[in-house]
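# What follows is a protein structure lacking sequence information:
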Ligand SMILES: [Zn+2]
């Protein structure tokens with residue numbers, strides 16, 4: 001839909017800044033799949049600094065990196081009509097899980113709305129009050145919840161950001177099997193270090209290709225727009241109909257909030273620190289669970305089966321270890337669904353390896369019974385301490401993450417965690433009467 005709207009409006013208007021793909025709380029039970037919203041900032045032609053953001057029908061598409069003149073009322077209505085027509089002809093309104101909505105606003109709502117929508121639950125009532133107060137043009141279809149994401153996406157002010165290059169299929173191929181050369185994806189992944197979540201070698205999962213029969217051929221995520229364009233030229237595939245660059249909050253951990261255990265609520269995503277109070281164990285289905293505790297309470301943590309080899313890390317934990325866990329909160333039972341794990345301290349595990357040796361005779365003593373100590377059968381010398389050795393730990397301190405095949409859109413990959421936050425690009429926030 002975003003691609004179609006951009007195609008329709010760039011003849012008349014100008015896109016200011018990159019189009020945005022904004023992901024919201026991944027733990028909302030009634031979300032539509034990836035809980036994403038798309039956002040365009042639209043002004044008049046005449047921006048002085050332009051940047052190529054894609055190609056549609058072999059024509060270059062540009063955005064302006066500077067503000068342009070505002071649309072007048074007629075133009076605003078015209079824009080709203082184009083958006084409405086596109087949504088009504090292209091949205092999958094017949095799908096029982098989709099509740100689309102569109103919103104056009106002259107002013108950005110406060111960024112608190114984004115903060116809340118990416119971390120907690122925002123009610124439709126709340127959003128409708130904002131829309132009425134700001135004389136927005138909007139329409140929510142079916143249960144209207146799409147308005148929440150649409151409005152929240154507009155209010156995003158990026159402190160950290162990534163980009164996604166989305167390549168689209170020609171309409172006649174929609175729903176057919178995608179032709180993408182896997183080797184070229186693996187090579188691109190190796191050659192383009194600022195991209196992430198492309199390919200999971202261990203689990204043989206090509207993450208740039210969607211599972212659904214949607215119009216998207218592939219999406220490559222990364223920190224750097226120029227390298228994304230290079231990356232897309234490396235992917236060998238069926239013909240690409242069009243492609244666009246989106247600025248996104250994917251891979252930023254924006255959904256996570258630092259909390260003490262007692263403050264953790266269902267449907268949130270949290271970072272919390274605690275010591276392991278119950279050893280990891282595997283339940284039916286291959287899910288691995290353990291429990292942590294801080295001064296305020298205890299909570300179980302889970303590494304579900306789809307997290308594959310990450311479960312082996314989790315199995316290496318032991319009562320007494322100190323960890324920081326990152327993940328979404330499930331309601332029943334209240335559990336943290338792990339996305340990342342920082343092992344901060346590992347206790348020393350001691351194991352009895354042998355009975356003590358008699359100093360006089362040089363022979364191993366015999367046990368006198370449970371907790372009764374040991375006695376040399378030759379000379380009668382006794383001892384209470386067996387030979388103890390440190391049991392090697394199977395994991396080391398440090399950060400661990402679920403594999404690419406199980407990664408959430410918002411989860412910040414470890415390869416991004418040690419990189420400095422990219423310097424801010426032009427910011428379009430403020431009170432300048434922005435049209436979106
Ligand atoms: Zn002895």
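Received it, and whenever you're ready, just let me know what you need. This one's a predicted model, so the numbers in the text were calculated from it and none came from an experiment.
# Please list the outside residues in contact with the lengthiest helix in the chain.
The single longest helix within the chain, with elements called by DSSP state H, is helix 73-90. With Cβ atoms under 8 Å, 6 or more residues apart in numbering as the test, helix 73-90 has contacts from 1, 4-5, 8-9, 12-13, 42, 44, 71, 100, 102, 104, 106, 137, 139, 141, 435. From N, CA and C alone the C-beta is placed, and that goes for glycine too.
# next one: stretch 295-312
Taking contacts as Cβ under 8 Å, 6+ apart, the residues outside stretch 295-312 that touch it are 202-203, 260-264, 272, 274, 277-278, 282, 285-292, 313-314, 325, 327, 330, 333-338, 341, 394, 400-403, 405-406.
# repeat that with 6 Å
Contacts of stretch 295-312 with the rest of the structure, by Cβ atoms under 6 Å, 6 or more residues apart in numbering, involve 203, 260-262, 285-291, 314, 325, 335-338, 402-403, 406.
# who touches the closest residue to the ion within the stretch 1-150 of the chain in this structure?
Shortest the stretch 1-150 of the chain-to-the ion distance, computed as Cβ to the ion: residue-wise this is residue 27, at 64.3 Å. Taking Cβ under 6 Å, 6+ apart as the criterion, residue 27 is in contact with 267, 328.
# The one 5 residues further on now?
Contact criterion Cβ under 6 Å, 6+ apart gives 97, 98 as the residues in contact with residue 32.
# circling back to that earlier point, ChimeraX command to pick out the buried ones of the contacts of stretch 295-312?
With 16 or more other Cβ atoms under 10 Å as the criterion, this ChimeraX line picks the buried residues out of these:
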select :261,287,288,289,290,291,314,325,335,336,337,338,402,403,406
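# Just the contacts of stretch 295-312: which are in helices?
Those of the contacts of stretch 295-312 mapping onto helices are residue 314, per DSSP H.
# Helix, strand, or coil at the residue lying farthest from the centre of the chain?
Among residues of the chain, the one most distant from the C-alpha centroid is residue 379; the distance is 67.3 Å, by Cα atoms, centre = their mean. For residue 379, the secondary-structure state derived from DSSP: H, G, I helix; E, B strand; the rest coil is coil.
# same deal with residue 311?
Recorded secondary structure, residue 311: helix (three-state DSSP).
# And it, what's its pLDDT?
Predicted confidence (pLDDT) for residue 311: 98.
# Count the residues that sit near it.
Other residues near residue 311 number 21, with proximity taken as other Cβ atoms under 10 Å.
# What of residue 418?
For residue 418, the tally of surrounding residues (other Cβ under 10 Å) stands at 7.
# ok, now how distant is it from the ion?
Look at residue 418 and the ion: by Cβ to the ion, to the nearest Å, they are 57 Å apart.
# Counting neighbours, what do you get for the closest residue to residue 16 other than its chain neighbours?
Counting by Cβ to Cβ, 6 or more residues apart in numbering, the nearest residue to residue 16 once its immediate chain neighbours are dropped is residue 41, at 4.2 Å. Other residues within reach of residue 41, judged by other Cβ under 10 Å, total 21.
# now swap in residue 29 and tell me
9.
# I'd guess it is in a helix, am I close?
No: checked against three-state DSSP, residue 29 lies outside a helix; its state is coil.
# what are the ranges of the strands in the stretch 151-300 of the chain?
With DSSP state E, counting those that start in this stretch, the ranges of strands along the stretch 151-300 of the chain come out as 162-168, 195-196, 199-200, 205-206, 216-222, 242-248, 256-258, 269-282, 288-293, 298-303.
# Adding mean pLDDT and distance to the ion, write these out as TSV.
Rendered in TSV, the data for the strands of the stretch 151-300 of the chain read as follows (pLDDT from 0 to 100; distance: least, Cβ to the ion, whole Å):
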stretch	mean pLDDT	distance to the ion
strand 162-168	98	69
strand 195-196	97	64
strand 199-200	96	59
strand 205-206	96	62
strand 216-222	97	69
strand 242-248	98	73
strand 256-258	97	58
strand 269-282	97	38
strand 288-293	98	44
strand 298-303	98	48
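# Please consider this matter closed, and thank you.
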